[in-house]
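1. Sequence first, then the predicted structure, then my questions.
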Amino acid sequence: MKTKLLISAVLFLVVAAFIFKTPSEKANNTLLIPPSGNPDKEFLINVMHSGIDTHYVYYPQLGTNTWHKYTGPPNWGWPGISNDSINFPTSEYRDAVIQRMDSNRNNGFRSVMDRPKIQYLAFGQRSDYQCEDSVDPDYWFYSYKDHEVGEDVVDNTPYGNGQSVRFCSVFPDAVPGYVVKNLRANREQANRYWPPWIADAAYAWYVMPRIRIDTSVIGINPNTKVCAIIVHDWNGNIIDSIDILAKYFRINPQTNYDGKYLEEFYFIPNQGPSAIEIDPGLICPGFRKDFGDWSSTNDTNTIKTDFRVYWYGQCNMWIDYVRVENQSAHQLFKGQWDNDIRQETDIALHGYDPNNPIPNNFYIEEFEFNTVSAISYVDSLIKQESSDKLSLMVNLNYPLFSVHIPWDANRNKYELGASYINNHLVAKAHLKYLVNVSYPLEGFDQSLGPQYASSEHPSTLSNSDYSPTSEILSHKVSVSTYENWLQDKIDFGRGAGDGFMKIMKKTDSISKYYSTDLNLIHLEQAHLIWTPGHKLKEPSNEEMKLMASLAITYGAKGIMFFAYNSDNAFTNTSYYQRGLTDTNQTPRHQSVYGQDNGQVCKR
């Protein structure tokens, strides 16, 4: 094992000699030989949230080439720009954003376009929960456990286009009952953690069952009850129950229903179709729950969210799926934000040089499976407006991306392979940039037990043992014990699919064998953090070099270190974080192990 780690360290020196050249060895701060087909000529080196250094006092000393500032809706925008908000037109902040981009460029940085409106829209969530019993195997989790009535059919009518749907027939003897209940993937409206500005309690949700009925029903009795849509919150309580009547399928009493599937209905004549709206916070009320723990049998932590359909047995009904989407997705797919996306893209194009292409790409971080459709929509508009010069860079947090999938009977996580991630993320959204991330160096106390991941450090690095008050979140061990631990930690990580080497290999396979024009960027752990449920130790310089060298070996065309800032002091109930600068944004030339981590980020 020592040999493998030594080889990795030597490998870093070889790779670094090529990638991290001094400015005098480089032309226009770019790689001498850009990768074939890569529209980005510069190897990206960034420290996340570096934009808080508004006067470029310390950040340029790190020798990076990229600037980034986290943002979020509604009004957490770029520094010093008061109207940088989703509530203001682009014209209100355009010039100020361009001025910041010019300042970045003058100080040697490209700009990563982390923007409030893009954050709001790209995190739009849409899920189509299929009502058939037999569904696409790749989407087996987007289905229901129980079907009391109806049968699976292929709708070959002009309205169905050969879609597989659930058909409920009044002949020969109609028996009312639930068409669907007990949704399998019922965690997609239960995320109260991340991202905080668009967590699942922040905005309204819309429920849209795709249904059609016989055209003759309305003429016989417009008040015929077709079905009821019943929404249960995560505690299992009914928060809404809406009857869908036959008359809701036509625009007004003077018009006829044409027999097509509808997702939104005419509940009020002459006012256009509308979806069933659930007010913010109703689906996931009260205290937070661990929505990723499918093994929990504790009622306070189980998730019972459900979107049920009850058929009244009074008319024939065909139902395809129950679509559930949040407010930003509901607005996005109606085209309400198209101009804003185009205008944000025009801003990001400022200063673009086709002879020396260094794009100011947009960026989002750590999304769920049901945001892929929104990501695809936003990215498509960015590419159209920029004539394919700019793209959306998306950060794949694998555990969050797959958190909606139920664990198996043995409480094992379901693992998504490289081909699946390619087909249902990279290829589906036509991505050009994928940011891989794995923060492998956890920081829990070993005394808590093996279910809490801990870390170690060699006694030669620090003679201090685990001490949260001293910000040491790793246990002191001998050099040989540490080397064995580190090898195992890097190789195998925490669990299904989300270990460091697992992620490196998966994303490398995607770029090599499936989407060969994909650009991989690595987001690297360079921080410590202490929260009640999430703890990471601060990496040593050697560990940072190891992770960077392995990422480059597995195809990374850029490194983004997390993070620039530090926050708070230690308490047992709150949180603190240490990045490359102190809480007052002065350089931390000494990590908790007495090293200058900032030196690792230099080119």
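-> Sure, I can see it.
2. Every contact and neighbour count from this point should use C-alpha atoms.
-> Fine.
3. where do the helices sit along this structure?
-> 2-19, 94-106, 116-122, 216-220, 327-332, 338-348, 372-385, 398-401, 418-421, 427-429, 479-492, 500-509, 541-553 (DSSP state H).
4. and residue 247, which of these is closest to it?
-> helix 216-220 (5.9 Å; Cα to Cα).
5. And that closest one, what's buried?
-> Residues 217, 218 are the ones in helix 216-220 that count as buried (16 or more other Cα atoms under 10 Å).
6. distance between it and the chain's centre?
-> 46 Å (Cα atoms, centre = their mean, to the nearest Å).
7. tell me what that helix is packed against?
-> On a contact count with 3 or more Cα pairs under 8 Å, 6 or more residues apart in numbering; DSSP states H and E, helix 216-220 meets no helix or strand.
8. ok, residues contacting that helix?
-> 224, 246, 247, 257, 315 (Cα atoms under 8 Å, 6 or more residues apart in numbering).
9. Please convert the residues you listed to JSON lines, extending it with distance to residue 112, pLDDT and neighbour count.
-> What follows is the contacts of helix 216-220, written out as JSON lines (distance: Cα to Cα, whole Å; pLDDT from 0 to 100; neighbours: other Cα atoms under 10 Å):
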{"residue": "224", "distance to residue 112": "55", "pLDDT": "98", "neighbour count": "18"}
{"residue": "246", "distance to residue 112": "51", "pLDDT": "98", "neighbour count": "26"}
{"residue": "247", "distance to residue 112": "51", "pLDDT": "97", "neighbour count": "25"}
{"residue": "257", "distance to residue 112": "50", "pLDDT": "96", "neighbour count": "21"}
{"residue": "315", "distance to residue 112": "55", "pLDDT": "97", "neighbour count": "20"}
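10. Switch those over to CSV; also include distance to residue 266.
-> Shown next, in CSV, are these (distance: Cα to Cα, whole Å):
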residue, distance to residue 266
224, 15
246, 10
247, 8
257, 11
315, 18
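11. for stretch 119-130, the distance to its chain's centre please.
-> On the basis of Cα atoms, centre = their mean, stretch 119-130 sits 10 Å off its chain's mean C-alpha point.
12. okay, now the residue nearest to residue 428 when sequence neighbours are not counted: neighbour count?
-> Distances taken as Cα to Cα, 6 or more residues apart in numbering put residue 376 closest to residue 428, at 7.2 Å, once the chain neighbours are dropped. By other Cα atoms under 10 Å, 20 other residues sit near residue 376.
13. Out of the helices and strands in the chain, which is least certain?
-> Lowest mean confidence among the helices and strands of the chain (mean pLDDT, DSSP states H and E): helix 2-19, at a mean of 40.
14. Sort out which one of the contacts of helix 216-220 lies nearest residue 154 for me.
-> residue 315 (18.6 Å).
15. Contact partners for that closest one?
-> Counted by Cα under 8 Å, 6+ apart, residue 315 has contacts 169, 170, 213, 214, 217, 224, 225, 226.
16. Just the buried ones from those residues?
-> Buried among the contacts of residue 315 by 16+ other Cα under 10 Å: 169, 213, 217, 224, 225, 226.
17. pLDDT at residue 40, what is it?
-> Per-residue pLDDT puts residue 40 at 88.
18. In this model residue 360 seems to touch it, though I could be wrong.
-> No: with contact defined as Cα atoms under 8 Å, residue 40 does not reach residue 360; the gap is 9.7 Å.
19. Could you tell me how many residues sit around the closest residue to residue 211 other than its chain neighbours?
-> Distance criterion Cα to Cα, 6+ apart; nearest residue to residue 211, sequence neighbours excluded, is residue 319 at 4.4 Å. Counted with other Cα under 10 Å, residues neighbouring residue 319 total 25.
20. beta partners of residue 319?
-> On the basis of DSSP bridges, residue 319 is bridged to residue 166, residue 211.
21. Run through the residues that contact it.
-> Here residue 319 is in contact with 131, 165, 166, 167, 209, 210, 211, 212 (Cα under 8 Å, 6+ apart).
22. now do residue 430
-> So residue 430 contacts 376, 380 (Cα under 8 Å, 6+ apart).
23. Nearest to residue 460, out of the helices of the chain?
-> For residue 460, the closest of the helices of the chain is helix 479-492, at 7.2 Å, according to Cα to Cα.
24. average model confidence for that closest one?
-> Averaging pLDDT along helix 479-492 yields 96.
25. Can I get it in CSV, CA atoms only?
-> Extracted C-alpha coordinates of helix 479-492, given in CSV (Å, rounded to 0.1, in the frame of the first residue of the first chain):
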residue,chain,number,x,y,z
VAL,A,479,2.7,6.3,10.0
SER,A,480,2.1,2.8,8.9
THR,A,481,-1.5,2.7,10.3
TYR,A,482,-2.2,6.1,8.6
GLU,A,483,-0.9,4.9,5.3
ASN,A,484,-3.2,1.8,5.4
TRP,A,485,-6.1,3.9,6.4
LEU,A,486,-5.6,6.4,3.7
GLN,A,487,-5.2,3.8,1.0
ASP,A,488,-8.5,2.2,2.1
LYS,A,489,-10.3,5.5,2.4
ILE,A,490,-9.3,6.7,-1.1
ASP,A,491,-10.0,3.3,-2.7
PHE,A,492,-13.3,2.5,-1.1
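26. Packing partners of that helix?
-> helix 2-19, strand 456-458, helix 500-509.
27. Which residues does the shortest one contact?
-> By Cα under 8 Å, 6+ apart, the residues outside strand 456-458 that reach it are 474, 475, 476, 477, 478, 479, 481, 482, 485, 486.
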